[in-house]
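pasting the sequence and the predicted coordinates here, then a few questions.
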Amino acid sequence: MRVLVVGGGGREHALCWAIARSPLLTALWCAPGNPGIAEIATCAPVAVTDIAGLVAFARAEAVDLVVAGPEAPLTLGLADACAAAGLRCFGPSAAAARLEGSKTFCKEVADAAFVPTAGWARFTDPDAARAHLRARGAPIVVKADGLAAGKGVVVAASVAEAEAAVAEIMEARVHGEAGASVVIEEFLPGEEVSFFALCDGTTALPMAAAQDHKRVGEGDTGPNTGGMGAYSPPPAFTPGVEAEVMDRIIRPTLAEMARRGTPFRGVLFAGLMLTPEGPKLIEFNVRFGDPECQALMLRLRSDPLAALLAACDGTLAGHALDWDPRPSLVVVMAAEGYPGAPRKGTAIRGLEAAAAVPGAQVFHAGTARGPDGALLADGGRVLAVGALGTALPSARATAYAAVDRVDWPGGFCRQDIGWRALSAEAAPRGGPAGSAG
Ligand code: AMP
Ligand code: GLY
């Protein structure tokens, strides 16, 4: 089987790393890939948004399966273009990818399927949005309606903060056209988890849950990011919760999408809040999370390629996945300045030493090679360092032991990945149960 993975971040490195061990695999490409991916796949210089270029490349190389990493190519119609060219693509059609591309569409589908989610209203007029905020009061959530790289959301503790968000999103257009309209939502209290299910249009197969760390600062403070670290599974996500999520959120959504004539194929990523009233949907994404994917791939023991193929071919019913019961934990290393403008071009050393920590895995996210071959930071989130452990504290100890071997003065990471699950049993890293080894 000849496979092309589309993307060039930590998620795609993890997907390539997992797919590379499949006995079905005969050749692996990644477009555009990155220096870490280049060690296990052939990188092709095609941009993720160049749909025609990706399809032409896949045809020229007689690729059997195209695997979409990020959402951008999916919302631009990669799966549709592949289907038209007779190519298999793991990922939804553009019409089904609207579940992520439009927050309004996501809410409409959720409401039609009676999926438990936060109450919401959409506004194209900033004054009407402000009036609604004042009427509802805080805490309240303001979201840019379009794609804003996970950054167009403000969880406002006060009405003033919410009004400032409306001004930034709708009037200053800090996220561009994604801010032409806003969705204002009821605040959901609780523990947040990411849950992933493989879908083939009619059947959904639960994968696993992970907990991301969206804020840039320790203790979940500071601005939102794409994700600063993850671990899997979150202890709060019990088998009972998973069954409820499958019955009340995933399967009804899949049925509603099929009813609308836009069946969902690919991986459905449910951002969930485990509220006192039960799990509620925050949002859907139509791809793996980053860095959740890294945490999941560390635990997936069965053949990833066979599972992706079953999702494409409509044969998920009867398919089973085998997960390592041991938890995984992933620490993202980001360039100084992130999630604002990250400093690019700083030198990264010590990755061999980091990868030599037994049980550790280093995924490249935003790296590039300089003219002399030196490894340089080339993005906001630059590395994702992960590990499995017999329990979460040992997974964390191994991951941070590897992080400590990375010699990169231009980077930083959160020191407290896993803290929600670990807080009952361990002090922050460096404390009595610390792991700064
Ligand atoms: P989103 O891009 O919709 O996932 O939102 C980004 C983050 O904002 C989420 O991961 C949550 O942490 C938070 N968030 C979004 N919507 C809500 C909500 N209705 N209640 C509480 N927190 C929310
Ligand atoms: N880590 C969250 C996301 O990939 O959207």
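Received the coordinates, thanks. Residues are numbered from 1 along each chain as shown. Ligands and ions are numbered 1, 2, ... in the order given.

use CA for all of it now, contacts and neighbours both
OK.

contacting residues around Gly77?
Taking C-alpha atoms under 8 Å, 6 or more residues apart in numbering, we find Gly77 in contact with Ile51, Ser93, Ala94.

which of those sits closest to ligand 2?
Ala94 (17.8 Å; C-alpha to the nearest ligand atom).

what residue ranges in the chain score low on pLDDT?
147-151, 424-437 (pLDDT under 70).

beta partners for the nearest residue to Ile417 once chain neighbours are set aside?
Of all residues not flanking Ile417 in the chain, Gly229 sits nearest, at 5.9 Å (C-alpha to C-alpha, 6 or more residues apart in numbering). Under DSSP bridges, the beta-bridge partners of Gly229 are Val331.

residues contacting Gly229?
Counted by C-alpha under 8 Å, 6+ apart, Gly229 has contacts Asp212, His213, Lys214, Pro291, Glu292, Leu329, Val330, Val331, Val332, Ala384, Arg414, Ile417.

which parts of the protein belong to which domain?
Recorded structural domains for the chain (assignment: automatic domain parsing) are 2-93, 119-186, 191-313, 328-422.

circling back to that earlier point, from Gly217, how far out is the residue nearest to Ile417?
11 Å (C-alpha to C-alpha, to the nearest Å).

so what sits against both of the two?
Counting by C-alpha under 8 Å, 6+ apart, the residues touching both Gly229 and Gly217 are Arg414.

just to revisit the earlier point, who wins for proximity to ligand 2 among the domains of the chain?
domain 191-313 (3.2 Å).

measure the closest one end to end?
35 Å.

check stretch 82-91 too.
10 Å.

now it: buried residues?
Cys82, Leu87, Arg88, Cys89, Phe90, Gly91 (16 or more other C-alpha atoms under 10 Å).

could those residues go into JSON lines alongside distance to ligand 2 and secondary structure?
Converted to JSON lines, the buried residues of stretch 82-91 look like this (distance: C-alpha to the nearest ligand atom, whole Å; DSSP: H, G, I helix; E, B strand; the rest coil):
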{"residue": "Cys82", "distance to ligand 2": "24", "secondary structure": "helix"}
{"residue": "Leu87", "distance to ligand 2": "26", "secondary structure": "coil"}
{"residue": "Arg88", "distance to ligand 2": "23", "secondary structure": "coil"}
{"residue": "Cys89", "distance to ligand 2": "20", "secondary structure": "strand"}
{"residue": "Phe90", "distance to ligand 2": "17", "secondary structure": "strand"}
{"residue": "Gly91", "distance to ligand 2": "15", "secondary structure": "coil"}
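
quick check: the farthest pair among these?
Across those, no pair lies farther apart than Leu87 and Gly91, at 12.1 Å, counting by C-alpha to C-alpha.

near ligand 1, which residues of the stretch 151-300 of the chain show up?
Contacts of the stretch 151-300 of the chain with ligand 1, taken as C-alpha under 6 Å from any ligand atom, map to Val153, Glu185, Glu186, Phe187, Leu188, Pro189, Ile282, Glu283.

can you name the two of those residues that sit furthest apart?
So, those by C-alpha to C-alpha: farthest apart are Val153 and Pro189, at 15.7 Å.

ok, and what's touching the helix ranked longest in the chain?
Longest helix in the chain by number of residues (criterion: DSSP state H): helix 392-405. When contacts are defined by C-alpha under 8 Å, 6+ apart, helix 392-405 is touched by residues 327-331, 350-351, 353-361, 385-389, 417-418, 422, 426, 434-437.

quick one: buried ones out of these?
Buried among the contacts of helix 392-405 by 16+ other C-alpha under 10 Å: 327-331, 351, 354-355, 357, 360-361, 385-389, 417-418, 422, 435-436.

of those residues, which belong to helices?
Leu351, Ala354, Ala355, Leu422.

okay, the third one and Gly36: tell me how far apart.
The reference is to Ala355. From Ala355 to Gly36 the distance is 12 Å (C-alpha to C-alpha).

return the member of the contacts of Gly77 nearest to ligand 1.
Using C-alpha to the nearest ligand atom, the contacts of Gly77 come closest to ligand 1 at Ala94, 19.1 Å.

the closest one reaches Ala81, doesn't it?
No - contact criterion C-alpha atoms under 8 Å: Ala94 and Ala81 do not qualify, at 9.7 Å.

next structured bit after the strand or helix carrying Lys280?
Per DSSP states H and E, Lys280 falls inside strand 278-285. Next helix or strand after strand 278-285 toward the C-terminus (DSSP H and E): helix 292-299.

what comes into contact with that next one?
Outside helix 292-299, the residues touching it (C-alpha under 8 Å, 6+ apart) are 10-11, 14-15, 18, 194, 208-212, 229-232, 323-330, 363, 384, 386-388.

now, those that are in strands?
Counted as lying in strands by DSSP state E, out of these, are 194, 208-212, 229-232, 328-330, 363, 384, 386-388.

Arg248: neighbour count?
For Arg248, the neighbour count with other C-alpha atoms under 10 Å is 18.

could you check how many residues crowd around the residue lying closest to it once chain neighbours are set aside?
Leaving aside its sequence neighbours, Arg248 sits nearest to Val115 (C-alpha to C-alpha, 6+ apart; 6.0 Å). Number of residues near Val115 (other C-alpha under 10 Å) recorded here: 21.

ok, Val115 - contacts?
Residues Arg248, Ile249, Pro252, Thr253, Lys280, Leu281 are the ones in contact with Val115 under the rule C-alpha under 8 Å, 6+ apart.

what residues sit buried inside the longest helix of the chain?
392-403, 405.

does the residue lying closest to Val286 once chain neighbours are set aside count as helix, strand or coil?
Closest residue to Val286 apart from its sequence neighbours, by C-alpha to C-alpha, 6+ apart: Leu268 at 5.1 Å. Under DSSP: H, G, I helix; E, B strand; the rest coil, Leu268 falls in the strand class.

my guess is Leu268 meets Phe284, correct?
Yes - the criterion here is C-alpha under 8 Å, and Leu268 meets it with Phe284 at 6.9 Å.
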